[in-house]
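In: sequence first, predicted model second:
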Amino acid sequence: MRWPEDAKKRLEFGYPFAEIINDKDTRLALDANQFAWVHGLRGAAEIQLTLSAQCKPNGIFTSWLPRLTSVHLWDENDRMAFVIRTARQFSLLLKSSARPLVEKAISDIYHGGGVS
């Protein structure tokens, strides 16, 4: 899943620049971490986006890359599916009763606070 053509015309960062295409060693490291996380091995980093001022997972405010060894963070299709799913989750939060909490988190981040 690449950026839509109309987005590419407006957003320069939508292009797959060579600087952001992972090399083989980076892919292996990311895959090793994903394998370790999926299998609950010590030292693995969870791949997540937390939609709040806290750095730790926070219920409905956190989105995880699927916990599957067949999903690769380095793969643009897998990564963009994760980003789009997370954006939809964020959009739903903004349309829900959680909106004041999201607004507070954004304000906390802006003011350099709320991180724990």
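Out: In hand now; what should we look at? Remember, it's a predicted structure, so these values are computed and weren't measured experimentally.
In: tell me who's in contact with the most centrally placed residue in the chain.
Out: Centre of the chain computed as the mean C-alpha position; nearest residue by CA atoms, centre = their mean is residue 49, 4.3 Å away. For residue 49, the set of contacting residues under the criterion of CB atoms under 8 Å, 6 or more residues apart in numbering consists of 62, 63, 82, 86. C-beta here means a position set from N, CA and C on the backbone, and glycine is covered the same way.
In: and the next helix or strand past the helix or strand harbouring it?
Out: For residue 49, the host element (DSSP states H and E) is strand 48-50. Next along the chain after strand 48-50, taking DSSP H and E as the criterion, comes strand 62-64.
In: contact partners of that following strand?
Out: If you take CB under 8 Å, 6+ apart as the criterion, strand 62-64 is touched by 46, 47, 48, 49, 50, 51, 52, 57, 82, 85, 86, 89.
In: now that strand: how far from the chain's centre is it?
Out: Here strand 62-64 is found 7 Å from its chain centre; the criterion is CA atoms, centre = their mean, to the nearest Å.
In: buried subset of the contacts of strand 62-64?
Out: 47, 48, 49, 50, 51, 52, 82, 86, 89 (16 or more other CB atoms under 10 Å).
In: follow-up on the earlier one: just flag the most distant two among the contacts of residue 49.
Out: Across the contacts of residue 49, the two members that end up farthest from each other (CB to CB) are 62 and 82, 12.3 Å apart.
In: give me the helix or strand of this protein that scores worst on average pLDDT.
Out: Counting by mean pLDDT, DSSP states H and E, the chain has its least confident helix or strand at helix 5-10, which shows a mean of 71.
In: remind me, longest helix of this protein?
Out: The helix that spans the most residues within the chain, counting by DSSP state H, is helix 76-94.
In: gap between the next helix or strand after that helix and the chain center?
Out: The element immediately downstream of helix 76-94 (helix or strand, assigned by DSSP H and E) is helix 99-110. Taking CA atoms, centre = their mean, one finds the center of helix 99-110 at 18 Å from the center of the full chain.
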